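Participant: have a look; sequence and predicted model below, questions after that.
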Amino acid sequence: MINSVQGARHNRGSVLVYAMILLSMVLSSGLALSILATSSAESTKELIYSIPAFYAAESCLEQTLRQYVVLGLTPDLSTAGFSNQSLTFENKATCDRTIQYVPSTGTTTEMTVTTHSKYKQSGQGLSVTITR
């Protein structure tokens, strides 16, 4: 009987240690889940914002290609005053367009149109090279 009383006195603090360990595990799991949820929300927001950014870049590129066809497929759009420029759309997306010409080498001429757009925190870019 004496041994069981001494054993009970010896184990009194162990429940507190186990409770602290369990509490710290639950707390760290909750913290990990909240970090995961926050990063997932940021990724989703980035994906949602990248769609208008992509369409803005595509619109800039399409405008340039349409002008290329309207001008009779001339490889040098700068002769018509069509050059690098920045555009802002109704949804506040912006687009920077760069046109680069490679002079004729023999029978071919190249024009590269590159567009970079930005919508909120997301950015997209497209590039097309036309060889004639």
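Facilitator: Nice, I can see it. Numbering: from 1, shown residues only.
Participant: host element of the nearest residue to F89 once chain neighbours are set aside?
Facilitator: Using C-beta to C-beta, 6 or more residues apart in numbering and skipping the chain neighbours, the partner closest in space to F89 is A56 (5.6 Å). Every residue, glycine included, has its C-beta placed from N, CA and C. Assessed by DSSP states H and E, A56 sits inside helix 14-70.
Participant: beyond that helix, next helix or strand please.
Facilitator: On the C-terminal side of helix 14-70, the closest following helix or strand by DSSP H and E is strand 85-88.
Participant: and the next element down the chain from that following strand?
Facilitator: Next along the chain after strand 85-88, taking DSSP H and E as the criterion, comes strand 94-105.
Participant: pLDDT averaged over that following strand - what is it?
Facilitator: Mean pLDDT, computed over strand 94-105, is 79.
Participant: hang on, the earlier thing: so what's the residue count around the residue nearest to F89?
Facilitator: By other C-beta atoms under 10 Å, the residues close to A56 number 26.
Participant: so it touches Q124, yeah?
Facilitator: Yes: between A56 and Q124 a contact is recorded at 7.5 Å, counting by C-beta atoms under 8 Å.
Participant: can you list residues touching both of the two?
Facilitator: S117 (C-beta atoms under 8 Å, 6 or more residues apart in numbering).
Participant: okay, now the unreliable bits of this protein?
Facilitator: Across the chain, the ranges flagged by pLDDT under 70 are 1-12, 71-83, 104.
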